[in-house]
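J.: Sequence first, predicted coordinates after that:
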Amino acid sequence: MNKNCFVKIVCIDGPHGVGKTYNLESLRKNVDLIEFAVYVDEGFVPKVKTKFHPQSLFEETKWALNWFENITKRCFFNKKTGRFEHNKIIVTDRSPYSACVYSKSHAKELKKVIDGIRDEFEVKGIKLYNLYLYADVMLIEGRIKERLRLPTEQWRKKLNEDDPTWLKEVIKRYVKISTCFCERIPTDDSEKCCEKIVEFVKKLFSYFYLLMALILHKKKKEKKKKKN
């Protein structure tokens, strides 16, 4: 584990209908986080039409790899340190781990790949902090039904989001990879959920700048020693 990471990524994860997008939008409007964070919605990974199902191993793997690549494009690479840098916390809708949850096959193998890339990213100064949002299944089902009434949301049926059995399976899969998440946050109360995410980001930001201050102090000491 690399503690001296210069890029902090907070990933808001959880099953469809749990409230990820709603909370990301709420965070975007939160004035307390303007100085601390930038937001990336699910659409930052471009979707290209192919002949494969969007939840096939091929498509989910491609999505996860594109996710990682697009994160690096949003950061500055310091050639002197060999690490990526960013002056704010990056908050994303979903993490690469959602790919192994929604993949219709070889989910375990895909998770191993994502674990390996995550470790490589830490070496290069990028650390992921995965937050798992959860709620009562009946509440999520109600939210999904409301959403699917909208004409613009009908495409979600192709992903089986109208199937309660698939929702329960997705939740089971998230439980299996629970060790990937540093915090679990209920979304039953939307305001409290948003407050907890804000608190998490603020703490992370404070730690980030404390770390940077310590590193700069250490460098100044080393320069003084060389002069003497």
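T.: All right, it came through fine. Numbers count the residues shown, from 1 in each chain.

J.: Which parts of the chain are helices?
T.: For the chain, applying DSSP state H gives helices covering 20-29, 57-73, 97-102, 107-123, 137-148, 164-176, 190-227.

J.: Point out the most buried one among those.
T.: Stretch with highest mean neighbour count among the helices of the chain: helix 97-102 (a mean of 25; mean count of other CB atoms under 10 Å). From N, CA and C alone the C-beta is placed, and that goes for glycine too.

J.: related to what we said a few turns ago, okay, the helices of the chain in TSV with distance to residue 10 and mean pLDDT next?
T.: Shown next, in TSV, are the helices of the chain (distance: least, CB to CB, whole Å; pLDDT from 0 to 100):
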stretch	distance to residue 10	mean pLDDT
helix 20-29	9	88
helix 57-73	12	94
helix 97-102	13	95
helix 107-123	14	96
helix 137-148	22	95
helix 164-176	17	96
helix 190-227	6	72
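
J.: For the closest residue to residue 157 other than its chain neighbours, give me its contacts.
T.: Counting by CB to CB, 6 or more residues apart in numbering, the nearest residue to residue 157 once its immediate chain neighbours are dropped is residue 148, at 6.9 Å. Going by CB atoms under 8 Å, 6 or more residues apart in numbering, residue 148 touches 154, 156, 157, 161, 162.

J.: can I get the helices of the chain in TSV with distance to residue 49?
T.: Converted to TSV, the helices of the chain look like this (distance: least, CB to CB, whole Å):
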stretch	distance to residue 49
helix 20-29	22
helix 57-73	10
helix 97-102	18
helix 107-123	22
helix 137-148	22
helix 164-176	22
helix 190-227	33
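
J.: Please identify which of those is closest to residue 38.
T.: helix 20-29 (9.5 Å; CB to CB).

J.: How about residues contacting the longest strand anywhere in the chain?
T.: Looking across the chain with DSSP state E, the single longest strand is strand 126-134. Strand 126-134 is contacted by residues 2, 5-15, 18-20, 23, 71-72, 75, 84, 95, 97, 118, 121, 171, 174, 178, 180-187, 193, 197, 200, 204 when judged by CB under 8 Å, 6+ apart.

J.: pLDDT wise, what is the closest residue to residue 183 other than its chain neighbours at?
T.: In space, and not counting its chain neighbours, residue 183 is closest to residue 131: 5.3 Å by CB to CB, 6+ apart. Residue 131 is assigned 96 on the pLDDT scale.

J.: so how many other residues sit close to residue 131?
T.: Each residue near residue 131 was counted by other CB atoms under 10 Å, and the total is 23.

J.: From residue 51, how far off is it?
T.: According to CB to CB, to the nearest Å, residue 131 stands 34 Å off from residue 51.

J.: Likewise for residue 23?
T.: For residue 23 relative to residue 51 (CB to CB), the value is 34 Å.

J.: And residue 63, by the same measure?
T.: 16 Å.

J.: do the same with residue 39
T.: 33 Å.

J.: Ok, residue 76 next?
T.: Distance of residue 76 to residue 51, given as CB to CB: 37 Å.

J.: higher neighbour count, those two?
T.: residue 76 (11 against 6).

J.: I'd assumed residue 85 was in contact with the more buried one.
T.: Yes: applying CB atoms under 8 Å, one finds residue 76 in contact with residue 85, separated by 4.9 Å.

J.: what sits in contact with each of the two?
T.: Counting by CB under 8 Å, 6+ apart, residue 76 and residue 85 have no shared contacts at all.

J.: tell me the contacts of the nearest residue to residue 36 once chain neighbours are set aside?
T.: Of all residues not flanking residue 36 in the chain, residue 205 sits nearest, at 4.4 Å (CB to CB, 6+ apart). Contacts for residue 205 (CB under 8 Å, 6+ apart) come out as 8, 36, 37, 88, 89.
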